[in-house]
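> Structure for the following, please:
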Amino acid sequence: MSTADHRACEHEITIAAPAAVVYRLLAEVENWPRIFPPTIHVEQASTGDRTERIHIWATANGEPKSWVSRRTLDPDRFRIRFEQEVSAPPVATMHGEWIIEPDEAGNSRVRLLHGYRAIDDDPDGLAWIEAAVDRNSRAELSALRTNIESTLAATESTFSFEDSVLVRGRAEDVYDFVNEADRWVERLPHVASVRFEQTEQGVQTLEMDTRAKDGSTHRTMSYRVVFPGERIVYKQVTLPKLLALHTGVWTFTPTDDGVLATSQHTVVLNTANIASILGENATTADARDYVRNALSTNSSATLELAKAYAEDRAGALAVE
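Numbers count the residues shown, from 1 in each chain. Coordinates of the predicted model:
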């Protein structure tokens with residue numbers, strides 16, 4: 001195979017933070033959906049002595065993809081090497097490295113290296129990969145810098161919360177209600193319209209118009225990763241103006257009394273839009289309350305309707 005079929009590229013950025021801080025954020029993959037725009041979800045599949053396998057769900061050129069990578073961690077030199085074990089077409093192979101280099105001023109030069117091949121060395125596939133790597137690398141590095149350098153502001157504007165209901169029914173029925181988002185128009189009064197797709201890798205695209213209390217509607221789009229019967233993880237990529245980030249997870253936990261169904265949200269406020277939406281005197285605390293109330297109202301309504309659906313089915317099964 002000619003080396004011309006292998007491509008390599010490098011992207012870099014300087015971050016006003018110590019190398020150890022940057023390295024830690026990159027090493028802790030559970031934070032990636034919050035700091036990297038293309039990343040939907042990451043699961044740690046296995047770990048060893050400074051090695052790990054991770055399952056990544058992310059977008060590439062606007063398409064949801066899924067792959068498994070092996071990482072080698074080098075905290076002494078602030079380096080993380082990675083290689084995809086199972087790639088998503090059109091990628092045949094992909095490997096690379098994060099290199100964090102401290103300077104005398106206490107800043108960090110972050111270099112992101114990639115090497116890749118396309119399936120059958122297809123020229124169109126190579127062009128697609130090149131565009132995806134370039135777009136994602138630039139987005140990841142920019143978001144990494146923003147996330148680290150805005151730590152103080154993010155502390156005030158980032159928060160998490162959850163809503164739960166106890167369902168006296170079957171976990172699979174509660175899960176089905178939330179999973180079957182293509183039926184939400186007929187099942188959820190606050191949903192005006194839905195566009196729903198699912199890939200072979202189990203990644204769902206959910207675009208919907210949601211009604212607010214004042215009768216207005218707003219459009220959002222999310223990518224969802226499903227773990228059948230257990231949980232549904234999602235990341236909202238088309239956001240209301242008050243949000244800079246919104247991730248969440250629906251969980252369905254069997255208990256002695258039934259099923260505990262929970263909707264968990266993690267939010268980062270877009271503080272630049274607070275005044276224009278809530279008024280000149282509105283504070284970050286006001287925006288937190290407003291967003292929490294709006295999201296909790298919808299998720300609680302969904303949970304209550306899922307509860308009714310599952311309990312009705314449980315009653316019907318008991319009669320049969």
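
> switch to C-alpha atoms for all contacts and neighbour counts from now on
OK.

> so residue 161 bridges to which residues?
residue 265 (DSSP bridges).

> From residue 96, how far out is it?
Residue 161 is 36 Å from residue 96, where distance means C-alpha to C-alpha, to the nearest Å.

> What of residue 177?
Where residue 96 is concerned, residue 177 sits at a distance of 41 Å (C-alpha to C-alpha).

> So residue 161 and residue 96 - more neighbours on which side?
The residue with more neighbours, out of residue 161 and residue 96, is residue 96; 19 against 13, by other C-alpha atoms under 10 Å.

> In terms of helix, strand or coil, where does the more buried one fall?
strand (DSSP: H, G, I helix; E, B strand; the rest coil).

> give me every residue that touches it.
81, 82, 83, 112, 113, 114, 115 (C-alpha atoms under 8 Å, 6 or more residues apart in numbering).

> out of those, which one sits closest to residue 264?
Closest approach to residue 264 among these (C-alpha to C-alpha): residue 82, at 30.4 Å.

> from memory the closest one sits against residue 54, does it?
No: using C-alpha atoms under 8 Å as the test, residue 82 is too far from residue 54 to be in contact (9.9 Å).

> Just to check, residue 241 is in contact with residue 271?
No: using C-alpha under 8 Å, residue 241 is not in contact with residue 271; the gap is 9.6 Å.

> Counting neighbours, go ahead and name the busier of the two.
residue 271 (18 against 14).

> got the contact list for that one?
157, 242, 284.

> ok, now with 10 Å
Residue 271 makes contact with 153, 154, 156, 157, 241, 242, 243, 244, 283, 284, 287, according to C-alpha atoms under 10 Å, 6 or more residues apart in numbering.

> Just the buried ones from these?
154, 157, 242, 243, 244, 287 (16 or more other C-alpha atoms under 10 Å).

> Going by distance to residue 311, which of those wins?
For the buried ones among the contacts of residue 271, the minimum distance to residue 311 (C-alpha to C-alpha) is 34.4 Å, reached by residue 243.

> Starting from the helix or strand containing residue 112, tell me which strands it pairs with and how they run.
Element membership of residue 112, judged by DSSP states H and E, is strand 108-118. Paired strands of strand 108-118, with direction, are strand 7-15 (antiparallel), strand 91-102 (antiparallel) (DSSP bridges).

> Of the ones you listed, flag the one that's most buried.
Among the strands paired with strand 108-118, ranked by average contacts under mean count of other C-alpha atoms under 10 Å, first place goes to strand 91-102 (a mean of 20).

> Return it as PDB; C-alpha atoms alone will do.
C-alpha atoms of strand 91-102 as PDB (Å, rounded to 0.1, in the frame of the first residue of the first chain):
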ATOM      1  CA  VAL A  91     -12.900   5.700   7.800                       C
ATOM      2  CA  ALA A  92     -10.700   2.600   7.500                       C
ATOM      3  CA  THR A  93      -8.100   3.600  10.100                       C
ATOM      4  CA  MET A  94      -7.600   6.600  12.400                       C
ATOM      5  CA  HIS A  95      -5.000   7.300  15.000                       C
ATOM      6  CA  GLY A  96      -3.500  10.400  16.600                       C
ATOM      7  CA  GLU A  97      -2.200  12.100  19.700                       C
ATOM      8  CA  TRP A  98      -2.900  15.000  22.000                       C
ATOM      9  CA  ILE A  99       0.300  16.800  23.000                       C
ATOM     10  CA  ILE A 100       0.200  19.500  25.700                       C
ATOM     11  CA  GLU A 101       3.400  21.600  26.000                       C
ATOM     12  CA  PRO A 102       3.800  24.100  28.800                       C
END
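
> And stretch 26-34, what's buried?
Buried residues in stretch 26-34 (16+ other C-alpha under 10 Å): 26, 27, 29, 32, 33, 34.

> Between the two ends of it, how far is it?
Distance between the boundary residues of stretch 26-34 (C-alpha to C-alpha) amounts to 12 Å.

> Need the residues that contact it.
20-21, 25, 35, 38-44, 54, 56-58, 71-75, 78-80, 98, 100, 140, 143-144, 147, 234-235, 244-247, 266-268.

> Tell me the confidence at residue 157?
Residue-level confidence at residue 157 comes out at 86, pLDDT.

> care to break the protein down by domain?
Using automatic domain parsing, the domain parsing of the chain gives 3-149, 154-319.

> any idea which of the contacts of residue 271 is closest to residue 119?
When the contacts of residue 271 are compared for distance to residue 119 (C-alpha to C-alpha), residue 244 comes out closest, at 36.0 Å.

> excluding its backbone neighbours, what's nearest that closest one?
Leaving aside its sequence neighbours, residue 244 sits nearest to residue 270 (C-alpha to C-alpha, 6 or more residues apart in numbering; 4.7 Å).
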